[in-house]
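Engineer: Got a predicted structure here, sequence first:
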Amino acid sequence: MMGQLSFTQWLLVGATVLMFIALLLPWWSVTAVFLGTFSLDGFHSWGWLSFVAWLVILFLDLRLIVGDRLVGPSVSGILTTPMTARSIVVAGVAELIGNFLFIAVAPSGSGAGYSAGIGAGVIIAIICGLAVTYAGLLLTGVAWLPKPKWIST
């Protein structure tokens, strides 16, 4: 089944897996002289919004790839493929909003003996959010979206 996935589906799967890894990485850290380094992962503050969006994206990815076997025929009439694609876009944007709100409220800066700032996890999460949003837009088939000719949705 995995060999039959389109580029867009592979992009969604890759971004979903990488987003979970990003949630476990440091999103914010502070280094203080004599105290060492302390960091927070994506399961803090606005990172929770990104996590909830990730759960929705995971479900939608499975719905898109597995189809009616995941949700059953009664739900598949509501959660059609175009609705799934639009929902992926919304969830990707929600993930990005969680990432940017996390950055907005995280204290950063440096002073005498300390420095604080965002970590690699939130940067990777932003890239994943952009990839999910782009893939969802590809699935919706919007005409204005630039895409290479070799991409099939």
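Structural biologist: It's in. Residues are numbered from 1 along each chain as shown.

Engineer: make it CA atoms for all contacts and neighbour counts henceforth
Structural biologist: OK.

Engineer: Helix, strand or coil: sort out residue 14 for me.
Structural biologist: Secondary structure for residue 14, judged by DSSP: H, G, I helix; E, B strand; the rest coil, is helix.

Engineer: what helix or strand is residue 124 on?
Structural biologist: Element membership for residue 124, per DSSP states H and E: helix 120-140.

Engineer: Mind naming the longest helix for the protein?
Structural biologist: If you go by DSSP state H, the chain has its longest helix at helix 81-105.

Engineer: Now that one: buried residues?
Structural biologist: 81, 84-103 (16 or more other CA atoms under 10 Å).

Engineer: Relative to residue 32, how far out is residue 112?
Structural biologist: Distance from residue 112 to residue 32, counting by CA to CA, to the nearest Å: 9 Å.

Engineer: Which strand or helix spans residue 115?
Structural biologist: strand 114-118.

Engineer: Pull the residues that contact that strand.
Structural biologist: Strand 114-118 is contacted from outside by 26-33, 103, 106-110, using CA atoms under 8 Å, 6 or more residues apart in numbering.

Engineer: which of these are buried?
Structural biologist: Among the contacts of strand 114-118, those buried by neighbour count (16+ other CA under 10 Å) are 26, 27, 28, 29, 30, 31, 103, 106.

Engineer: Sort out which of those are in helices and list them.
Structural biologist: Judged by DSSP H, helices contain the following of those: residue 103.

Engineer: Count the neighbours of residue 53 for me.
Structural biologist: Residues lying near residue 53 (other CA atoms under 10 Å) number 23.

Engineer: Would you mark the buried spots in stretch 18-28?
Structural biologist: Across stretch 18-28, burial judged by 16+ other CA under 10 Å covers 18, 19, 20, 22, 23, 25, 26, 27, 28.
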